[in-house]
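Asker: Mind looking at a prediction? Sequence and model below.
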Amino acid sequence: MNKYIVIKDYQSCYPDPIVLKKDEEVVYGKEDTQYPNWIFCKSVISEKEGWVPKQILTLPDLYSHAKVLQKKWLTATD
């Protein structure tokens with residue numbers, strides 16, 4: 001895996017972005033047709049919603065729930 005160094009701060013365009021932690025459960029929603037591999041999800045814990053990259057999620061179960069595979073993820077809300 002490549003490592004990168006952050007060289008400047010980034011201010012999100014969204015005032016209250018979804019923040020996910022490893023093993024956190026989300027409700028797996030629709031996939032973005034314009035930006036493939038982005039899934040609209042809702043955190044089961046915080047109930048915040050936002051677009052999440054498909055590659056950090058497990059496949060959804062029968063109840064449309066998936067888990068986050070990476071340590072921490074911050075993403076934009078809709």
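Answerer: Noted; the coordinates are in hand.

Asker: Break down the protein into its strands, ranges please.
Answerer: Assigned by DSSP state E, the strands in the chain fall at 18-21, 25-31, 38-43, 49-53, 65-67, 72-75.

Asker: In the sheet, which residues pair with residue 65? Tell me.
Answerer: residue 27 (DSSP bridges).

Asker: hang on, isn't it packed against residue 27?
Answerer: Yes. The pair residue 65 and residue 27 qualifies as a contact (Cβ atoms under 8 Å) at a distance of 6.1 Å. Where C-beta positions appear, they are placed from N, C-alpha and C, glycine not excepted.

Asker: Contacts only, for the spatially most central residue of the chain.
Answerer: The residue lying closest to the centre of the chain (Cα atoms, centre = their mean) is residue 52, at 3.0 Å. Listed by Cβ atoms under 8 Å, 6 or more residues apart in numbering, the contact set of residue 52 reads 18, 20, 26, 38, 39, 40, 41, 68, 73, 75.

Asker: The closest residue to it other than its chain neighbours pairs with what?
Answerer: The shortest distance from residue 52 to any non-neighbouring residue, by Cβ to Cβ, 6 or more residues apart in numbering, is to residue 41 (4.6 Å). Using DSSP bridges, the bridge partners assigned to residue 41 are residue 28, residue 50.

Asker: Could you give the number of residues near residue 41?
Answerer: 28 (other Cβ atoms under 10 Å).
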